[in-house]
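K.L.:
fold the following, please.
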Amino acid sequence: MHTATEFRPLAPRQAEALTHRARGLSNRETAQAMRCSVTNVSNLLAECFYKLHARNSTDAVAKAVKHGLIQFILIACIINGIGADQEQIRNRLNRRPTVRTIRIRNRENLA
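P.N.:
Prediction:
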């Protein structure tokens, strides 16, 4: 079992690709959203899997959300959108995903 401190930080584009995957987008749809090639998206996601010690997309998204490496926009909509109408939730889902930068707490182990 890996702890949060064993995960390597995700680069902003890696976190963005993983956030698109969390929203259910395919590699082709993610490539269009990120304005890059499908191969680039595949490479970004492969790096995410490696850094998060994940077996697949579902595992990577779950670990990234759990450790605060990405914000899963649907969770935010559910928490913040209680009582909101469907149009408001649809508008939130269509926004560009939020990409967070992680903080490194123990800088001594970074070499």
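K.L.:
for this protein, spot the helix or strand the model is least confident about on average.
P.N.:
helix 73-80 (a mean of 49; mean pLDDT, DSSP states H and E).
K.L.:
ranges for the helices of the protein?
P.N.:
In the chain, the helices defined using DSSP state H lie at 12-22, 27-34, 38-52, 57-66, 73-80, 86-94.
K.L.:
so which of those is the most packed in?
P.N.:
helix 12-22 (a mean of 23; mean count of other CB atoms under 10 Å). C-beta here means a position set from N, CA and C on the backbone, and glycine is covered the same way.
K.L.:
quick one on the thing from earlier: for the helices of the chain, which one sits closest to residue 6?
P.N.:
Relative to residue 6, the nearest member of the helices of the chain by CB to CB is helix 38-52, separated by 9.8 Å.
K.L.:
give the other helices and strands that the closest one contacts.
P.N.:
Contacting helix 38-52 under the criterion 3 or more CB pairs under 8 Å, 6 or more residues apart in numbering; DSSP states H and E are the following elements: helix 12-22, helix 27-34, helix 57-66.
K.L.:
with mean pLDDT and distance to residue 45 added, can I get those helices in JSON lines?
P.N.:
Converted to JSON lines, these look like this (pLDDT from 0 to 100; distance: least, CB to CB, whole Å):
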{"stretch": "helix 12-22", "mean pLDDT": "91", "distance to residue 45": "6"}
{"stretch": "helix 27-34", "mean pLDDT": "92", "distance to residue 45": "8"}
{"stretch": "helix 57-66", "mean pLDDT": "90", "distance to residue 45": "7"}
